[in-house]
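>>> Here is my input, please return the structure:
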Amino acid sequence: MSVDLFRLWVYLAATPLLGLTLTFVAYQLGLWLAARAGGHPLVNPVLIAMLAIAGLLAATGTPYRQYFEGAQFVHFLLGTATVALAVPFFDRLAALRKRALALTAGLVAGNVVALGSVVLLMTTLGAREATLRSMVPKNVTAPIAMGISESIGGIPTLSAVFCVLTGVLGAATGKLVFDAIGVRDLSIRGFALGAQAHGIGTARAFYVSPEAGAYAGLALGLNGIVSALVLPPLVSVLR
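All right, here's what the predicted structure looks like:
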C-alpha cells in the first residue's frame with residue numbers, strides 16, 4: 001500500500017466516511033466485474049461487494065461496528081428505495097390487476113414451499129429451535145424478517161444473514177433455474193425473484209428488464225406484508 005493510500009485509509013478509518021466509502025467502492029467494483037462478465041448472474045455485484053468488504057475489514061482488523069457507523073446511511077436509504085418500487089408497479093397496474101388471482105396463488109404456493117422446506121431441512125439437520133425460528137422468515141426482506149424473527153423467538157441478526165444469503169443465492173441462480181425448467185415469461189421470473197430473493201432478487205430483476213423488476217417489486221412488498229401478518233401467529237400455533 002502506497003504512502004498516499006495509507007494516509008487516506010488512516011483518515012477514513014477515524015471517521016464515519018469509512019463505511020460509506022467502502023460500501024460505494026465495493027459495489028462499484030462489483031458492478032464493474034458484472035459488466036465485464038456480460039451480466040452473468042453468478043457474478044453478482046452484491047456478493048462481490050460483501051466479500052470485498054469482509055476481506056478488507058478482516059485484513060485491517062477494522063471492527064464491524066466502526067464500519068457500520070458510516071454504512072448505516074446507505075441502510076437508511078433502503079426504505080426509500082423500497083417505496084420507490086411503487087413507480088414501476090403503478091405503471092403496470094392494469095396488467096397486474098388482470099393477473100391478480102394467478103399472482104396471489106403463486107405467492108401463497110411459494111411461501112408454503114419456502115416455510116415447509118425450512119422446517120424439513122432444519123429438522124433433518126437437527127438445528128436448534130432458535131436457529132429454526134431465525135430461518136423461517138429468510139425469504140422476506142431483511143428489515144421485516146428481523147422484526148418477524150424477534151416476535152417468534154428467533155435471533156434477528158441471524159435472520160438478516162439468512163436473508164442476505166437467500167437473496168444472493170436466488171439472484172445468482174434464478175436465471176439458471178428458470179432456463180432449466182423452461183420459464184421464459186419475464187413477469188413470472190421477476191415475481192418469483194421478488195417473492196423468494198427479496199431486495200437482491202428484485203435488483204437483479206430490474207437489471208434484466210423493467211417488466212421483471214415491476215413484478216419483483218410487487219412480490220417483494222406483498223410477501224413482506226403477508227409474512228409479517230401470518231408467520232408470527234402461525235408459529236405460535238405450531239409451538
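
>>> mind giving me the domain split of the chain?
3-84, 86-238 (automatic domain parsing).

>>> Just the buried positions in the lengthiest helix in the chain, please.
With secondary structure taken from DSSP state H, the chain has its longest helix at helix 210-238. By 16 or more other Cβ atoms under 10 Å, the buried positions in helix 210-238 come out as 211-224, 226-228, 231-232, 235. Every residue, glycine included, has its C-beta placed from N, CA and C.

>>> Go through the domains of the chain and find the least confident stretch.
Mean pLDDT values for the domains of the chain show the minimum at domain 3-84, a mean of 77.

>>> ok, back up a step: let me know which of the domains of the chain is tucked in deepest.
Ranked by mean neighbour count under mean count of other Cβ atoms under 10 Å, the domains of the chain are led by domain 86-238, which reaches a mean of 18.

>>> May I have the phi/psi pair for Val136?
phi -50, psi -50 (degrees, to the nearest 10).

>>> That one is in contact with Ser151, isn't it?
No. Contact criterion Cβ atoms under 8 Å: Val136 and Ser151 do not qualify, at 10.7 Å.

>>> hey, what's in contact with both of those two?
Here Val136 and Ser151 share no contacting residue, scored by Cβ atoms under 8 Å, 6 or more residues apart in numbering.

>>> just so I have it, where are all the helices in the chain?
Under DSSP H, the chain gives helices at 3-13, 17-36, 45-60, 64-84, 86-91, 93-98, 100-124, 129-135, 142-151, 156-181, 186-208, 210-238.

>>> Report the angle between the fourth one and helix 45-60.
Going by axes from the mean of the first three to the mean of the last three Cα atoms, to 10 degrees, helix 64-84 is angled at 170 degrees with respect to helix 45-60.

>>> now what about helix 64-84, what contacts it?
13, 15-23, 53, 57, 141, 143, 199, 220-221.

>>> Please compute how far that helix lies from its chain's middle.
Centroid separation for helix 64-84 versus its chain: 14 Å, with Cα atoms, centre = their mean, to the nearest Å.

>>> Then the second one?
Averaged C-alpha coordinates place helix 17-36 at 17 Å from its chain's average position (Cα atoms, centre = their mean).

>>> which residue sits closest to Cys159 in space, ignoring its chain neighbours?
Check again: residue 159 is Ser, not Cys. Ser149 (3.7 Å; Cβ to Cβ, 6 or more residues apart in numbering).

>>> The one you found and Ala100, how far apart?
30 Å (Cβ to Cβ, to the nearest Å).
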